[in-house]
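**Q** I would like the atomic coordinates for the input below:
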Amino acid sequence: MFNIVDILLPTGRNVVLNENVGGSLMLYSPVKHLIMLGNSRKGVVSFYDIRNNIVLKNIEVSKDEVKTMALNTSNNVLICGTSNLQVKYYYLDTFEEITETTMRSTLDKKMGHITHLDVMDESIFASSSEGLLSFVNTMNY
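**A** Okay, the predicted model is just below:
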């Protein structure tokens, strides 16, 4: 169950959005007024417009589970990391996939799956379940 609650309204009238979906990840874009909900179904990211209380789009990011999401607010880009080490990029304006890459290790070590993505100074970094940190990409799209 996915609820958005307005804490300034009385208890009986404070539920703004009530969707019967699951999910393991949630991210908010204040610029676009979107909530991105990861894994409402395995590998799917759902985009909710909180101004109009509607689902705008469901995107199948991967056949595998989406493990983490990050937001580049300067470019309005959603970045998703999956359990099969893929990193995919989507424009929040059009919900179109920009590009994808795969996280690789320069060491002879098992990678596991992506556990965290971070955007710093237009660069993307990822960590894996095996404890590896990796520079993934620069944001030059």
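**Q** residues contacting residue 66?
**A** Listed by Cβ atoms under 8 Å, 6 or more residues apart in numbering, the contact set of residue 66 reads 24, 25, 38, 39, 43, 44, 45, 80, 81, 82, 83. Just so you know, the C-beta spots here come from the backbone N, C-alpha and C atoms, and that holds for glycine as well.
**Q** so of those, which ones are in helices?
**A** The helices, defined by DSSP state H, take in nothing from those.
**Q** where do the strands of this structure begin and end?
**A** 2-5, 15-19, 25-29, 34-38, 44-49, 54-60, 66-72, 77-82, 86-91, 97-102, 114-120, 123-128, 133-138 (DSSP state E).
**Q** and those strands as JSON lines, adding mean pLDDT?
**A** Formatted as JSON lines, those follow (pLDDT from 0 to 100):
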{"stretch": "strand 2-5", "mean pLDDT": "76"}
{"stretch": "strand 15-19", "mean pLDDT": "73"}
{"stretch": "strand 25-29", "mean pLDDT": "90"}
{"stretch": "strand 34-38", "mean pLDDT": "88"}
{"stretch": "strand 44-49", "mean pLDDT": "91"}
{"stretch": "strand 54-60", "mean pLDDT": "90"}
{"stretch": "strand 66-72", "mean pLDDT": "92"}
{"stretch": "strand 77-82", "mean pLDDT": "92"}
{"stretch": "strand 86-91", "mean pLDDT": "91"}
{"stretch": "strand 97-102", "mean pLDDT": "87"}
{"stretch": "strand 114-120", "mean pLDDT": "88"}
{"stretch": "strand 123-128", "mean pLDDT": "84"}
{"stretch": "strand 133-138", "mean pLDDT": "76"}
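**Q** would you reformat the contacts of residue 66 as TSV and include distance to residue 10 and neighbour count?
**A** Formatted as TSV, those follow (distance: Cβ to Cβ, whole Å; neighbours: other Cβ atoms under 10 Å):
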residue	distance to residue 10	neighbour count
24	31	13
25	31	16
38	32	23
39	33	19
43	39	19
44	34	18
45	33	26
80	37	27
81	40	28
82	42	23
83	42	19
